[in-house]
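Novice: What follows is a predicted protein model with its sequence.
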Amino acid sequence: MSAVTEGAGFLEATFTEGARFDRATFTGNAWFYRATFTEGARFDRATFTGNARFYRATFTEGARFDKATFTEGARFDKATFTG
């Protein structure tokens, strides 16, 4: 399990082999602005206690958020999901 306590920013990041954030804990804000996930993304049981933002994120092989917890809320403004 991983914990990020000061916030995490993945601005225009590209994940090409599948991204796994299962059981990750983000105690600050988490930004995935314009991030690209080309082979799927998993956030199963991840905990977001700050704001979670996926503005214009692209998920080309699907995304999973099974049992993820969002305390301050999550926004997926203009995000694209395919697959």
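Specialist: That came through fine.

Novice: The closest residue to Glu12 other than its chain neighbours and Gly9: what is the separation?
Specialist: Sequence neighbours aside, Arg34 is the residue nearest to Glu12 in space, at 4.7 Å (criterion: CB to CB, 6 or more residues apart in numbering). Just so you know, the C-beta spots here come from the backbone N, C-alpha and C atoms, and that holds for glycine as well. Going from Arg34 to Gly9 by CB to CB, to the nearest Å gives 11 Å.

Novice: swap in Ala30?
Specialist: For Ala30, the distance to Gly9 equals 8 Å [CB to CB].

Novice: In terms of neighbours, single out the busier of the two.
Specialist: Taking neighbours as other CB atoms under 10 Å, Ala30 and Gly9 compare with Ala30 leading, 25 against 14.

Novice: so what's Asp66 closest to, chain neighbours aside?
Specialist: Among residues not flanking Asp66 along the chain, Asp44 sits closest, at 4.4 Å (CB to CB, 6+ apart).

Novice: didn't that neighbour look like it was pressed against Ala63?
Specialist: No: using CB atoms under 8 Å, Asp44 and Ala63 do not qualify as a contacting pair, with a distance of 10.4 Å.

Novice: For those two, indicate the residue with more neighbours.
Specialist: Between Asp44 and Ala63, counted using other CB under 10 Å, Ala63 has the larger neighbour count: 19 against 14.

Novice: can I assume the more buried one is in contact with Thr38?
Specialist: No: assessed by CB under 8 Å, Ala63 is found out of contact with Thr38, at 11.8 Å.

Novice: so who does Gly83 touch?
Specialist: Contacts for Gly83 (CB atoms under 8 Å, 6 or more residues apart in numbering) come out as Gly40, Phe59, Thr60, Glu61, Gly62.
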